[in-house]
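Q: model the following, please.
(2 chains)
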2 protein chains.
Amino acid sequence: MLAEIITIGDELLIGQVIDTNSAFIAQTLNNIGASIYQITSVQDDRAHILQAFKDAESRVDIIIITGGLGPTKDDITKKTIAEYFNDTLVRDVAVTKNIEEIWKKYVRQTLLQINKDQALVPSKATVLMNELGTAPGMWLEKEEKTFVSLPGVPFEMKKLLVSKVIPKLKEKYQFPFILHKTLLTYGLGESTVAKRIEAWEDALPENIRLAYLPRLGSVRLRLSSKGFNPEEVQKNINDQIQKVLPLIEDAFVGFEDEAKSLEMLIANRLTQSGKTLAIAESCTGGDLAEQFTSNAGASAYFNGGVVTYATASKTKVLGVPKELIEKHSVVSAEVVEAMAKSVRDLFNSDYGVATTGNAGPSKGDSDADVGTVFIAIASKDSIVSQSFMLGSARKRVIKKAVNKALEMLEKEILKN
Amino acid sequence: MLAEIITIGDELLIGQVIDTNSAFIAQTLNNIGASIYQITSVQDDRAHILQAFKDAESRVDIIIITGGLGPTKDDITKKTIAEYFNDTLVRDVAVTKNIEEIWKKYVRQTLLQINKDQALVPSKATVLMNELGTAPGMWLEKEEKTFVSLPGVPFEMKKLLVSKVIPKLKEKYQFPFILHKTLLTYGLGESTVAKRIEAWEDALPENIRLAYLPRLGSVRLRLSSKGFNPEEVQKNINDQIQKVLPLIEDAFVGFEDEAKSLEMLIANRLTQSGKTLAIAESCTGGDLAEQFTSNAGASAYFNGGVVTYATASKTKVLGVPKELIEKHSVVSAEVVEAMAKSVRDLFNSDYGVATTGNAGPSKGDSDADVGTVFIAIASKDSIVSQSFMLGSARKRVIKKAVNKALEMLEKEILKN
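A: Numbers count the residues shown, from 1 in each chain, chains lettered A, B, ... in the order given. Here you go, the predicted model:
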């Protein structure tokens, strides 16, 4: 079963907005066994939108459309959908009621005409009620083909897709079972991984697809297979995983469906063992703490952290001796180890993590080259630290340092 | 002058990776006056890639291709490009040398065959040397049409695009001048903004385009115009800005080309006035600090911060009296104000910002409803605090709280 995604909006074509909706839609449809054939972003332009609809309809069964459904005048999506279906816009009573309720509850201002007009929908459309916003979802059919139009606001789109669109698609079509299993590895380069698993990869059966997904300091290996017998698909994938795991054992940290990322893997481990964590950041500036706190349940294991950006604050807040900083410089193994121990104790935690370095672009409070980063992990009775040269692009230095810190922390946790 | 972007990779179509390259490419091309007609994401599939090339070539002059240029076996982009141009792959001497140098400098392991083969390029291609990685960029021409293939790794792609592709495009084509000017507003809803500027919008001349770009708690208004006379385009846009500004004066905080965001606007103001900032975060968990530290130059004004996630750490690290927390609860105006003052003093700063609240999904160390957030700004001699109800979706609560804190901070800075 094939689907396409069409995202509409000038803001995408001038690059002012990154299209995050498509990845979510693709993932969600993939999970029910629909393959996305193509993703197309087009302008807020009637003729262009009509052409994109026509092209997609000629290739696939399911067309998911997002964007351009705000209350303002740059919205032409709805009119164009009506035109494509030789239809006219009519006012939907239930949508009108929903808009009025949302307005009463959250906005507490007079309802404007442009908001009222969000209740206009093509007469042939089945309305998918949007409980989180004023722009309704719409479901339209053309023989066996289905067009679904969703609001562009990500959290409204997501709710509608998951709660309304997926069940309706499952009712109408029969989907195969698709399984993706992604192995997370840290510390090896893409070509080193490729070299190690070459013989295994060459012997992979036709019905299993392998993809390399490199990220900073990490390579993800994705195995995919599909079929109408879930047990068989599952078995085929598992058999291959049993074969490949020994080849990359030292770099393998977990599966992506267990934990989306290394920080979530660490979060799970800490929560299960009842251990706690505190973080002292200099060059990573809060980014490391945020990796944990952005996920629900962080309060179970994350006691807190400090961002001691200025050198003076390392002494004042963390109590790192001024003499130690003067002797070894603020970017040093001695200082990062003192920071890790101090933050561990300050927050009464089992683990203390610290970073200090120079993310650039210019030299800071030390003579360290741009890209130099020291990271330390203080456990209950031991401390490890390491230094890295992480290049010269600021955001990449920070991101890489965060990844390295996670990698080191994971190793320490596994030791205990 | 029209262009299209084609991104290649199964990982995009199954939604495992968000396509951030397209927005960067679109933005960069737009800046030199090339309009992006369409962005298309296709699978790692020979026939599909060939079809996408053909379709794009029939519509536009410039086709930018990214993705699928890693050293591993899921790469079929290069072979397909050669096929499209009836060409064969040949080994490029300069690329081979570049790969060997990068290997020697960064990898320090034996060069593998798959890496050596990254030097294979279509014989008709002009190589765009990639100094940051092993996959070369390629420039191919077909009559007046241009195909450019770039590596999928974002920072390699960006460097090649800016330093090699743009100059070559400017040499080959004549571009009009495009100007976008984006007004940042905070605090008003999209339809309220629309209502206020309705008469102005209706009277906009044909050659000026307006788009609404809503974000959490903020609406951006983008005015665009193009032409071959830069002064005229500039004047047309400025005239309209003079007219619209008085209508949204209370919500307007700046232009996006001066500062990409409110945090950068604040950063500029603080740096210029020599004032400093410290942040104490509870529910925002480091996200607020990271808004500042992710940008270069943060050390000029950002002294540091603490993430006091656990209640006990608010007392231990920030010295917020235990009795105050017991009396008013940890999510209260009294506690957030104490946090703001304390962090300001702890880091010897001019401003102290603090957040405390419950981002959900479950209740934390207080009885506060999920979504309740208190924010305080401590200036040199005064302190303000405010409470908000920010919904129930964790990541949105955090994001909204960060925005509200920035908004409040901006107001305090403007007072002084």
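
Q: residue ranges with poor pLDDT in the stretch 301-416 of chain A?
A: Flagging of the stretch 301-416 of chain A using pLDDT under 70 yields the residue ranges A:363-365.

Q: point out the residues in it that sit beside chain B.
A: Neighbours of chain B within the stretch 301-416 of chain A, by CB under 8 Å from any CB of the partner chain: A:302-310, A:312-313, A:316-317, A:346-348, A:360-362, A:364-365, A:393-396, A:398. Where you see a C-beta, it was placed from the backbone N, CA and C, and this is true even at glycine.

Q: how about 10 Å then?
A: Residues of the stretch 301-416 of chain A that fall close to chain B, judged by CB under 10 Å from any CB of the partner chain: A:301-314, A:316-318, A:343, A:345-349, A:358-362, A:364-365, A:389, A:391, A:393-396, A:398-399.

Q: and those, which of them are in strands?
A: A:Phe302, A:Asn303, A:Gly304, A:Gly305, A:Val306, A:Val307, A:Thr308, A:Met389 (DSSP state E).

Q: the closest residue to A:Leu262 other than its chain neighbours: neighbouring residues, count only.
A: Among residues not flanking A:Leu262 along the chain, A:Leu406 sits closest, at 4.6 Å (CB to CB, 6 or more residues apart in numbering or on different chains). Neighbourhood size, A:Leu406 [other CB atoms under 10 Å in any protein chain shown]: 24.

Q: name the helix or strand for A:Leu406, please.
A: Here A:Leu406 is covered by helix A:394-415, with elements defined by DSSP states H and E.

Q: same check, this time on A:Val17
A: Under the assignment here (DSSP H and E), A:Val17 is part of no helix and no strand.

Q: what pLDDT does it get?
A: pLDDT recorded at A:Val17 is 84.

Q: and what of the one 4 residues further on?
A: Looking at A:Asn21, its pLDDT is 94.

Q: quick one: low-confidence parts of the stretch 1-150 of chain A?
A: Looking at the stretch 1-150 of chain A by pLDDT under 70, you get A:68-74, A:107-108.

Q: in the stretch 151-300 of chain A, which spans are strands?
A: A:177-186, A:209-215, A:218-227, A:252-255, A:277-281 (DSSP state E, counting those that start in this stretch).

Q: looking at those strands, which is nearest to chain B?
A: strand A:209-215 (4.3 Å; CB to the nearest CB).

Q: just the buried residues of stretch A:214-234, please?
A: Using 16 or more other CB atoms under 10 Å in any protein chain shown as the test for burial, stretch A:214-234 gives A:214, A:217-227, A:233.

Q: pLDDT and distance to chain B added to these, as JSON lines?
A: As requested, the buried residues of stretch A:214-234 are exported to JSON lines (pLDDT from 0 to 100; distance: CB to the nearest CB, whole Å):
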{"residue": "A:Pro214", "pLDDT": "75", "distance to chain B": "6"}
{"residue": "A:Gly217", "pLDDT": "72", "distance to chain B": "12"}
{"residue": "A:Ser218", "pLDDT": "80", "distance to chain B": "13"}
{"residue": "A:Val219", "pLDDT": "88", "distance to chain B": "9"}
{"residue": "A:Arg220", "pLDDT": "87", "distance to chain B": "8"}
{"residue": "A:Leu221", "pLDDT": "92", "distance to chain B": "10"}
{"residue": "A:Arg222", "pLDDT": "89", "distance to chain B": "7"}
{"residue": "A:Leu223", "pLDDT": "92", "distance to chain B": "12"}
{"residue": "A:Ser224", "pLDDT": "88", "distance to chain B": "8"}
{"residue": "A:Ser225", "pLDDT": "90", "distance to chain B": "13"}
{"residue": "A:Lys226", "pLDDT": "87", "distance to chain B": "11"}
{"residue": "A:Gly227", "pLDDT": "87", "distance to chain B": "16"}
{"residue": "A:Val233", "pLDDT": "92", "distance to chain B": "15"}
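
Q: now the two most distant members of these.
A: The largest separation in the buried residues of stretch A:214-234, counting by CB to CB, is between A:Gly217 and A:Gly227 at 34.5 Å.

Q: picking that back up, who touches the residue nearest to A:Leu262 in this structure?
A: Counting by CB atoms under 10 Å, 6 or more residues apart in numbering or on different chains, A:Leu406 touches A:186, A:217-218, A:253, A:261-263, A:265-266, A:288, A:291-292, A:353, A:375.

Q: check contacts around A:Ser213.
A: Just to correct that, residue A:213 is Leu rather than Ser. A:182, A:184, A:190, A:219-222, A:256, B:9-11, B:16-17, B:70, B:72, B:74.

Q: helices of the stretch 51-200 of chain A, start to end?
A: Taking DSSP state H, counting those that start in this stretch as the criterion, the stretch 51-200 of chain A contains helices spanning A:77-84, A:93-102, A:113-116, A:154-160, A:166-172, A:190-196, A:198-202.

Q: can you put those in a markdown table and add distance to chain B and mean neighbour count?
A: Formatted as a markdown table, the helices of the stretch 51-200 of chain A follow (distance: least, CB to the nearest CB, whole Å; neighbours: other CB atoms under 10 Å in any protein chain shown):
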| stretch | distance to chain B | mean neighbour count |
| --- | --- | --- |
| helix A:77-84 | 13 | 20 |
| helix A:93-102 | 11 | 16 |
| helix A:113-116 | 5 | 18 |
| helix A:154-160 | 6 | 20 |
| helix A:166-172 | 14 | 14 |
| helix A:190-196 | 5 | 20 |
| helix A:198-202 | 7 | 13 |
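
Q: okay if I get the ones you listed as CSV plus distance to A:Thr66?
A: Below are the helices of the stretch 51-200 of chain A laid out as CSV (distance: least, CB to CB, whole Å):
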stretch, distance to A:Thr66
helix A:77-84, 9
helix A:93-102, 18
helix A:113-116, 20
helix A:154-160, 6
helix A:166-172, 15
helix A:190-196, 32
helix A:198-202, 36
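
Q: relative to B:Val153, which of these is closest?
A: Closest to B:Val153 of these, according to CB to CB: helix A:190-196, at 10.0 Å.

Q: what's the local residue count around the nearest residue to A:Lys168 once chain neighbours are set aside?
A: Leaving out its chain neighbours, the residue that sits closest to A:Lys168 by CB to CB, 6+ apart is A:Trp139, at 6.4 Å. Applying other CB under 10 Å, we find 19 residues neighbouring A:Trp139.
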